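1. From the sequence below, what's the structure:
(4 chains)
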There are 2 protein chains.
Amino acid sequence: MNQRQQELLDRLNRTGKTVIEAEAEHFGVASMTIRRDLRFLEKNGLAVQTKKGAIPKPKIYAAPLNMAEDSAVKRKIAAKLLEMIEPSSTVLLSTGTTTLTFARLLAQQNLPLTIITNSIPIASALFQTRIKVILIGGELRTTSLDLVGPAAEKYLSEYHIDLLVTGCDGADAQQGFYTSDLNLANLEKLSAKVSDKVIVITESRKFGRKALVKFAEIADVDAIITDNHLKAIDRELITRKGVEVFTT
Amino acid sequence: MNQRQQELLDRLNRTGKTVIEAEAEHFGVASMTIRRDLRFLEKNGLAVQTKKGAIPKPKIYAAPLNMAEDSAVKRKIAAKLLEMIEPSSTVLLSTGTTTLTFARLLAQQNLPLTIITNSIPIASALFQTRIKVILIGGELRTTSLDLVGPAAEKYLSEYHIDLLVTGCDGADAQQGFYTSDLNLANLEKLSAKVSDKVIVITESRKFGRKALVKFAEIADVDAIITDNHLKAIDRELITRKGVEVFTT
DNA sequence: CAAATAATGTTATTTTTTAACATTATTGAA
DNA sequence: TTCAATAATGTTAAAAAATAACATTATTTG
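-> Numbering: from 1, shown residues only, chains lettered A, B, ... in the order given. Okay, the predicted model is just below:
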């Protein structure tokens, strides 16, 4: 990589994008040269060519972040939740793919909020918005870029939260909510304890699937937001326990 | 957003990219329609148009991660530091570009270590390695994806650290080390207090530049690692205070 | 130094993108 | 329901961008 390509990459990384014609002029070279540079950077995994230039190659967190495909169902659930958020409140947003979808939606709004989370992808999604972000410390899970463990619990225990928003790996209309990680289950239990209100957001297909550890009873939560494929019998069971159900 | 756009976005997120002509065929519509869809997705911050299609919008602001250009100087300093690391020790790696370069080097080794850090880029760099990573919680700084503030200090105060490795924004051979953020300075002071040993790694060009807040005296640290352009007079002043100086 | 090689520039050609308008579908009010 | 209004999609010509191929200029190296 030559001097010009180095500088080009630096400028690209600093500004977030580059435009061929402008760079050609800046460096005083033919635009074909910049095109060749961008091809080179792309081939080496440092950039992705766009319409008239390039952007930096999406980096480090890309994989774990993309794994949370923003499905249409999740986006609808997130939109429903958004209606219920009080401006200026403090919301604890637990790790998960549905909660991440919600965070991305939040990032596009202009709500004054404080978000506390144990998920690096969620914290990143809210980076450089009006939202004040507090990341819970703890041990980094190698599977999902989030923070759990006793240290995380200790950290969280000092806070008071208006609203906890969490997802789940499995749910049962009679039994409650499940997750597949013991450490995370402990953190979820504590989260509910320090929060005034608890909302679970989850795709309806999670109902009927149990996972490793139960972290909450149905009656422990105030509301569930899910999609409109929730079975009538499940809905009935849940509302009978005094828990509100919202569907998309 | 209509049905087709939803599905297009889902496919895009699942596969990581999309090609106009292929999608036009898949949906049985004119390629112009897919073009319009991609424009729409781009306008809504969900995708970035590329040469013949689009990729998902990079989920995280890339600049602070990339800003740590791994300069040759920084890589040499990092290599020097690596020689001094005790296996199985607990190292506190503070936020900064030079420390990030070191983290990237660490990720390529196979050392059993525990790294505690307040930097998301550093934690990410060490993701999925043999290294156990503990991320200090706290308030997310909008400039640099790291965590500071009273909560971070409280969290850190519970730990005992073998070695603190930190950089600086400015240094003076008589006065000490400077940073440009008050919150970070407080955290650095505390970090030194809970650590047995302190090493500062910094490019020599930082000497002679003072920044907003002093966070340590020269004599507070055990060693300084820098490049071989450190002025002889500075080196003399530092060693006279009983602080070791290593150069690349 | 001179041949070989690499980098850059130039330009004609191809491909992609856009804009503008035509056509078809959808909506909503009478 | 009909029928205008509006929105979505299709078609095509024009513009812009990207490429390939070759010319020219630097740079290396024996």
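
2. from here on, contacts and neighbour counts on C-alpha atoms
-> OK.

3. Can you name the residues of chain A sitting close to DNA strand D?
-> A:Ile20, A:Met32, A:Arg35, A:Thr50, A:Lys51, A:Lys52, A:Gly53 (Cα under 7 Å from any atom of the strand).

4. Those residues: which ones sit near chain B?
-> A:Thr50, A:Lys51 (Cα under 8 Å from any Cα of the partner chain).

5. Where does chain A get nearest to chain B, residue-wise?
-> For chain A, the residue closest to chain B is A:Gly137, as judged by Cα to the nearest Cα, at 3.4 Å.

6. Grab the nearest non-local neighbour of that residue.
-> Distances taken as Cα to Cα, 6 or more residues apart in numbering or on different chains put B:Gly137 closest to A:Gly137, at 3.4 Å, once the chain neighbours are dropped.

7. For that neighbour, give me phi and psi.
-> phi -80, psi 170 (degrees, to the nearest 10).

8. isn't it right up against A:Glu139?
-> No. Using Cα atoms under 8 Å, B:Gly137 is not in contact with A:Glu139; the gap is 10.2 Å.

9. More neighbours: which of these two?
-> The residue with more neighbours, out of B:Gly137 and A:Glu139, is B:Gly137; 32 against 21, by other Cα atoms under 10 Å in any protein chain shown.

10. wait, what's in contact with that one?
-> B:Gly137 is in contact with A:Ile134, A:Leu135, A:Ile136, A:Gly137, A:Gly138, A:Tyr155, B:Asn118, B:Leu147, B:Val148, B:Ala151, B:Ala152, B:Tyr155, counting by Cα atoms under 8 Å, 6 or more residues apart in numbering or on different chains.

11. and A:Glu86, helix, strand or coil?
-> The assignment at A:Glu86 comes out as coil when based on DSSP: H, G, I helix; E, B strand; the rest coil.

12. How much space separates it from A:Val133?
-> 16 Å (Cα to Cα, to the nearest Å).

13. neighbour count winner among these two?
-> For A:Glu86 versus A:Val133, neighbours defined as other Cα under 10 Å are more numerous around A:Val133 (26 against 14).

14. The more buried one touches A:Ile120, doesn't it?
-> No. With contact defined as Cα under 8 Å, A:Val133 does not count as touching A:Ile120 (10.8 Å).

15. close to DNA strand C, is stretch A:24-37?
-> Yes. Among the residues of stretch A:24-37, A:Gly28, A:Val29, A:Ala30, A:Ser31, A:Met32, A:Thr33 lie within reach of DNA strand C under Cα under 7 Å from any atom of the strand.

16. Give me the phi and psi for A:Leu145.
-> Torsion angles, degrees, to the nearest 10, at A:Leu145: phi 50, psi 50.

17. err, A:Ile85, not the other one
-> Torsion angles, degrees, to the nearest 10, at A:Ile85: phi -80, psi 130.

18. Just the closest of the residues of chain A next to DNA strand D to A:Ile201, please.
-> Nearest to A:Ile201 among the residues of chain A next to DNA strand D: A:Thr50, at 35.7 Å, using Cα to Cα.

19. What number of neighbouring residues does the closest one come out with?
-> 20.

20. Next, the contact list for the closest residue to it other than its chain neighbours, please.
-> Leaving aside its sequence neighbours, A:Thr50 sits nearest to B:Thr50 (Cα to Cα, 6+ apart; 3.8 Å). Shown in contact with B:Thr50 (Cα under 8 Å, 6+ apart): A:Val48, A:Gln49, A:Thr50, A:Lys51.

21. among those, which ones are buried?
-> A:Val48, A:Gln49, A:Thr50 (16 or more other Cα atoms under 10 Å in any protein chain shown).
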